[in-house]
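Trainee: Structure for this input, please:
(2 chains)
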2 protein chains.
Amino acid sequence: MSELRKDPVIGRWVIISTERGKRPSEFHQCAAPVKSGFCPFCIGNEEKTPPTIVTYRDEDNSEDGDNESPDWNIRIVANKFPALKVEGELNRAGDGLYDMMNGIGAHEIIIESPNHSDTLATITVQHFEDILRAYRDRIVDLKKDKRLSYILIFKNHGEAAGASLEHSHSQLIALPIIPKRVAEEIDGALAYYRYKERCVFCDIIRQEISQKKRIVTENHDFLAVTPYAPKAPFEVWILPKFHEPRFEDSKEGIFESLSLIFSDVLKRLNKVLNSPPYNFVLHTSPTQNNDNMDHYHWHFEIMPKLTKTAGFEWGSGFYIIPTPPEEAAEFLRQTKVD
Amino acid sequence: MSELRKDPVIGRWVIISTERGKRPSEFHQCAAPVKSGFCPFCIGNEEKTPPTIVTYRDEDNSEDGDNESPDWNIRIVANKFPALKVEGELNRAGDGLYDMMNGIGAHEIIIESPNHSDTLATITVQHFEDILRAYRDRIVDLKKDKRLSYILIFKNHGEAAGASLEHSHSQLIALPIIPKRVAEEIDGALAYYRYKERCVFCDIIRQEISQKKRIVTENHDFLAVTPYAPKAPFEVWILPKFHEPRFEDSKEGIFESLSLIFSDVLKRLNKVLNSPPYNFVLHTSPTQNNDNMDHYHWHFEIMPKLTKTAGFEWGSGFYIIPTPPEEAAEFLRQTKVD
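Mentor: You can find the predicted model right below:
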């Protein structure tokens, strides 16, 4: 079983794979392009993955009880090499000044399409909407497990962004702790709320709409902007204009407008940056927190992977952004996409 | 001039290059190997870099007034494309809910050798010692500038770790703010100190020496360990066994033992991981802080760049480490180096 370990100085938790430690020779330094050979995520190869958790079909956009039905459109499976496992009890232990927990959690793969060549930027908006609803459904299902504190949904697209399989997929990791970066955001938003009695994200949205210079695109429900102090050049955030702390509590009607703007943003990034590798992550409220979360506001953060100095930035928390977000927004705003 | 901007939610500062914004086509996605053509850092090409700040010669290991002397061993120059500049006044400004400062600071390059093919793992230990003393000297010099709060020394080795020139060099960025990751460490160490009245790093050293399982190598003055909850597989920290908050206040006598262990660790990483790209960063106390810093303890963090999921990790603050640090330490400890 994996272990969760806490840094004794800064309090960040990490997952350590203790079961099958990667040996030195298993790290590949030279970026071998992902081979297009056999793909376990393609339709017809369902028996090559761990069992299906749920499938979604095209016609009726509903969960399908017949999990191995061959006409699936989205298929969610357990990760074959899970970072965390759902079986067992959550035990905490100390080791001198160090703290750990055993690796209880869940690690799922959302296979976004039956077709190997599809990407989130090329599928239909209706299909994209179903993927976003699938994220919501998994959160709603997993938050019943009281051992889990946070459900992290993210995507690695392209080998340079950490995707180990080419076939379009996103991932879900359900954790017994709240990831540090999310906790910092919640804490920062709470400090702002206590001082101003307003949501900092709502204030950001108001200021961005009034200043216009960092807007990439918008619709009735959502705003896509380059953040004022980004972590990466051409980083884009998609923020709901309505205040809602929890992604999974969003009204049913917003998934269409979210898929429209999300698809639009990815197409713009592809056009302007020549189909870059990218990561995105959903930031939403912790699952077991029944407190008033009025200070928090869910959103997606999309980070194209254009630069390579991550190691240094991990060590310092210091980012040098070679393209001002205002210029990045202008490139993205002015490009023409279908 | 560049700008420093503060994230309004989590409070992290970033540097935005406003002067010469990088256009979309200037990001290179495909890792073209660094070309071995003309190199501005090689001996004889001194006029191709910005003016020399200081040179060190081999024989007497002393700073050399004759800066353009051709027999230099280490040469420090201003960065040709500086992230921050030393000229001007430090001005702070608001823009609605956002905060910024102009980009006052310094950005220097430490050219570690006159020879293109040298690396920190192949130069003599005496030469390495001179480089470490050069770091110290630059900190001592720059901390006189009261506008600067932190001096960050780091190295990107190899293209995948962000090095844009192959010739071995490290960098110094002097900042008017304290980088977030360092501030978190200082705050975490202070909380521990207030509770225990002991330095957390001294406690880590005591526990690691007693447990032995994460020790890579050690000598009289220093301990090299894989941290209990690392950010990267095969990450190694070099910690002074003596308590000292400020690198630049370390006794003159320790540079020899530091260069011995640092060189040893880099050779071990090269042997075990087939000469990986890596980053290192020096964590030391802020320069203008005259408070008692008894809770802090300088150290180096060395992070081989073996995995590619940085973007997701930036977005979540969540790390998955495929090799337990105990196994990494054992590989590194047991390998034979000269």
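
Trainee: And A:Glu185, how close does it get to chain B?
Mentor: 5 Å (C-beta to the nearest C-beta, to the nearest Å). No exception for glycine: its C-beta is placed from N, CA and C like everyone else's.

Trainee: now do A:Phe201
Mentor: From A:Phe201 across to chain B, the span is 8 Å (C-beta to the nearest C-beta).

Trainee: who's in contact with that residue?
Mentor: By C-beta atoms under 8 Å, 6 or more residues apart in numbering or on different chains, A:Phe201 lies in contact with A:Ala189, A:Leu239, A:His243, A:Tyr296, A:His297, A:His299, B:Val9.

Trainee: next structured bit after the one helix or strand it maps to?
Mentor: Using DSSP states H and E, A:Phe201 falls within helix A:200-211. Next along the chain after helix A:200-211, taking DSSP H and E as the criterion, comes strand A:215-218.

Trainee: Quick one: mean pLDDT over that next one.
Mentor: Averaged across strand A:215-218, the pLDDT comes to 98.

Trainee: Please identify the pairing partners of that strand and their relative orientation?
Mentor: Looking at strand A:215-218 with DSSP bridges, its partner strands are strand A:222-225 (antiparallel).

Trainee: any idea of the angle the next helix-or-strand element following the strand it pairs with forms with helix A:200-211?
Mentor: Remark: after strand A:222-225, the chain's next helix or strand is strand A:236-240, criterion DSSP H and E. Going by axes from the mean of the first three to the mean of the last three C-alpha atoms, to 10 degrees, strand A:236-240 is angled at 110 degrees with respect to helix A:200-211.

Trainee: circling back to that earlier point, give the buried residues for the helix holding A:Phe201.
Mentor: Within helix A:200-211, the residues scored as buried using 16 or more other C-beta atoms under 10 Å in any protein chain shown are A:Val200, A:Phe201, A:Cys202, A:Asp203, A:Ile204, A:Ile205, A:Gln207, A:Glu208.

Trainee: Next, the contact list for the nearest residue to the third one once chain neighbours are set aside, please.
Mentor: Leaving aside its chain neighbours, A:Cys202 sits nearest to A:His243 (5.5 Å; criterion: C-beta to C-beta, 6 or more residues apart in numbering or on different chains). Contacts here follow C-beta under 8 Å, 6+ apart; on that basis A:His243 touches A:Cys199, A:Phe201, A:Cys202, A:Asp294, A:His297.

Trainee: Now for chain A, the helix or strand with the poorest mean pLDDT.
Mentor: The helix or strand of chain A with the lowest confidence, counting by mean pLDDT, DSSP states H and E, is strand A:63-64 at a mean of 54.

Trainee: The longest helix along chain A near chain B anywhere?
Mentor: Determined from DSSP state H, the single longest helix within chain A is helix A:254-273. Yes. Residues of helix A:254-273 contacting chain B under C-beta under 8 Å from any C-beta of the partner chain: A:Val272, A:Leu273.

Trainee: Direction-wise, compare that helix with strand A:236-240 and give the angle.
Mentor: Going by the same axes, to 10 degrees, helix A:254-273 makes 160 degrees with strand A:236-240.

Trainee: CA atoms only: put helix A:254-273 into PDB for me.
Mentor: Below are the C-alpha coordinates for helix A:254-273, written out as PDB (Å, rounded to 0.1, in the frame of the first residue of the first chain):
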ATOM      1  CA  ILE A 254     -24.500  25.400 -16.500                       C
ATOM      2  CA  PHE A 255     -22.800  22.300 -18.000                       C
ATOM      3  CA  GLU A 256     -23.700  23.400 -21.500                       C
ATOM      4  CA  SER A 257     -22.200  26.900 -21.100                       C
ATOM      5  CA  LEU A 258     -19.100  25.400 -19.300                       C
ATOM      6  CA  SER A 259     -18.400  23.000 -22.100                       C
ATOM      7  CA  LEU A 260     -18.800  25.800 -24.700                       C
ATOM      8  CA  ILE A 261     -16.300  28.000 -23.100                       C
ATOM      9  CA  PHE A 262     -13.900  25.200 -22.100                       C
ATOM     10  CA  SER A 263     -13.900  23.900 -25.700                       C
ATOM     11  CA  ASP A 264     -13.400  27.400 -27.000                       C
ATOM     12  CA  VAL A 265     -10.400  28.100 -24.700                       C
ATOM     13  CA  LEU A 266      -8.700  24.800 -25.700                       C
ATOM     14  CA  LYS A 267      -9.200  25.600 -29.400                       C
ATOM     15  CA  ARG A 268      -7.700  29.000 -28.900                       C
ATOM     16  CA  LEU A 269      -4.700  27.600 -27.000                       C
ATOM     17  CA  ASN A 270      -4.200  25.000 -29.800                       C
ATOM     18  CA  LYS A 271      -4.400  27.700 -32.500                       C
ATOM     19  CA  VAL A 272      -2.100  30.200 -30.800                       C
ATOM     20  CA  LEU A 273       0.400  27.800 -29.300                       C
END
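
Trainee: returning to that earlier point: and the least confident of the contacts of A:His243?
Mentor: Out of these, that is A:Asp294, at 92.

Trainee: farthest-separated two in the contacts of A:His243?
Mentor: The span of those, defined through C-beta to C-beta, is set by A:Phe201 and A:Asp294 at 11.2 Å.

Trainee: Just the pLDDT at A:Leu175, thanks.
Mentor: 93.

Trainee: Could you list the low-pLDDT ranges of the stretch 51-200 of chain A?
Mentor: A:59-70 (pLDDT under 70).

Trainee: Give me every residue in it lying close to chain B.
Mentor: A:83, A:96-98, A:152, A:154, A:156, A:159-162, A:173, A:175, A:179-185, A:188-189, A:192, A:200.

Trainee: helix or strand for the nearest residue to A:Phe27 once chain neighbours are set aside, which one?
Mentor: Distances taken as C-beta to C-beta, 6+ apart put B:Leu306 closest to A:Phe27, at 4.0 Å, once the chain neighbours are dropped. Using DSSP H and E, B:Leu306 maps to neither a helix nor a strand.

Trainee: what sits against B:Leu306?
Mentor: Per C-beta under 8 Å, 6+ apart, neighbours of B:Leu306: A:Phe27, A:Gln29, B:Ala232, B:Pro233, B:Phe234, B:Leu273, B:Pro276.

Trainee: Take those and lay them out in TSV including pLDDT and distance to B:Asn102.
Mentor: Formatted as TSV, the contacts of B:Leu306 follow (pLDDT from 0 to 100; distance: C-beta to C-beta, whole Å):
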residue	pLDDT	distance to B:Asn102
A:Phe27	81	41
A:Gln29	55	39
B:Ala232	90	33
B:Pro233	93	39
B:Phe234	96	39
B:Leu273	96	41
B:Pro276	95	37
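
Trainee: Is it possible to mark the buried ones in these?
Mentor: Among the contacts of B:Leu306, those classed as buried by 16+ other C-beta under 10 Å are A:Phe27, B:Ala232, B:Pro233, B:Phe234, B:Leu273, B:Pro276.

Trainee: can you redo the residues you listed as JSON lines with distance to B:Gln126?
Mentor: JSON lines is the format used below for the buried ones among the contacts of B:Leu306 (distance: C-beta to C-beta, whole Å):
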{"residue": "A:Phe27", "distance to B:Gln126": "32"}
{"residue": "B:Ala232", "distance to B:Gln126": "30"}
{"residue": "B:Pro233", "distance to B:Gln126": "32"}
{"residue": "B:Phe234", "distance to B:Gln126": "27"}
{"residue": "B:Leu273", "distance to B:Gln126": "26"}
{"residue": "B:Pro276", "distance to B:Gln126": "25"}
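
Trainee: Out of these, which is nearest to B:Leu223?
Mentor: B:Phe234 (16.7 Å).

Trainee: wait, doesn't that closest one sit right on B:Pro322?
Mentor: No. With contact defined as C-beta atoms under 8 Å, B:Phe234 does not reach B:Pro322; the gap is 10.0 Å.

Trainee: Now find how far off-centre stretch A:257-264 is within its chain.
Mentor: Put simply, stretch A:257-264 sits 15 Å off its chain's centre (C-alpha atoms, centre = their mean, to the nearest Å).
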